[in-house]
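Undergrad: this is the structure alone, sequence omitted:
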Ligand code: NI
């Protein structure tokens, strides 16, 4: 078990596009395992490789719950490894509150597609396709954005994004002053 260090904004690796995985080997499986360990250690719902400083298209996810009082979904509590994920279908719009390990303490409502279908490879190189809505959908979109170098602040309104950046810069200055 290895818990990796989380890269926080404004590190450039968060705004850099990650490369397609070509070799489905033991080195890849080690990164995948470490990413699951890191996600679990932080009680996060998802993690993209950029967030641990690895510029490869790898996402891990595990969503233990859904909307309050909502029905149990097939993806609840299921562990996902999405390598080279591609969203092939989107439907509708939905707004959910999101956070991000690379932006500690920031939670904002983000509008995204309501339902998505994603194609990806597992760590053995086997292709699969899954569809889902709600937190599953938001999480896949949030994490695949990371792989494209897009952070969730880029999905906020201009005004909200400016406020978040200002808040984070203030936190940064304060932590440097300690
Ligand atoms: Ni994130």
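TA: Yep, that arrived. All values derive from a computational prediction rather than experimental measurement.

Undergrad: same question for stretch 5-12: list its buried residues.
TA: 6-9 (16 or more other CB atoms under 10 Å). (Each C-beta comes from the backbone N, C-alpha and C, glycine too.)

Undergrad: any regions of the chain where pLDDT drops low?
TA: Applying pLDDT under 70 to the chain flags residues 178.

Undergrad: all helices of it, in order?
TA: 26-41, 134-147, 158-177 (DSSP state H).

Undergrad: the longest one: how far from the chain's middle?
TA: Looking back up the chat, that one is helix 158-177. Centroid separation between helix 158-177 and its chain, computed with CA atoms, centre = their mean, to the nearest Å, is 21 Å.

Undergrad: residues making contact with it?
TA: 9-10, 103, 105-106, 108, 153-154, 156 (CB atoms under 8 Å, 6 or more residues apart in numbering).

Undergrad: widest-spaced pair of the residues you listed?
TA: 105 and 154 (18.2 Å; CB to CB).

Undergrad: neighbour count winner among the two?
TA: residue 154 (12 against 8; other CB atoms under 10 Å).

Undergrad: how far away is the more buried one from residue 165?
TA: 11 Å (CB to CB, to the nearest Å).

Undergrad: what number of neighbouring residues does the residue nearest to residue 44 when sequence neighbours are not counted come out with?
TA: Distances taken as CB to CB, 6 or more residues apart in numbering place residue 101 nearest to residue 44, at 5.4 Å, with adjacent residues excluded. Counted with other CB under 10 Å, residues neighbouring residue 101 total 19.

Undergrad: check contacts around residue 101.
TA: Residues near residue 101 by CB under 8 Å, 6+ apart: 6, 8, 42, 44, 47, 51.

Undergrad: filter the contacts of helix 158-177 down to the ones in strands?
TA: Mapping the contacts of helix 158-177 onto strands (DSSP state E) picks out residue 108.
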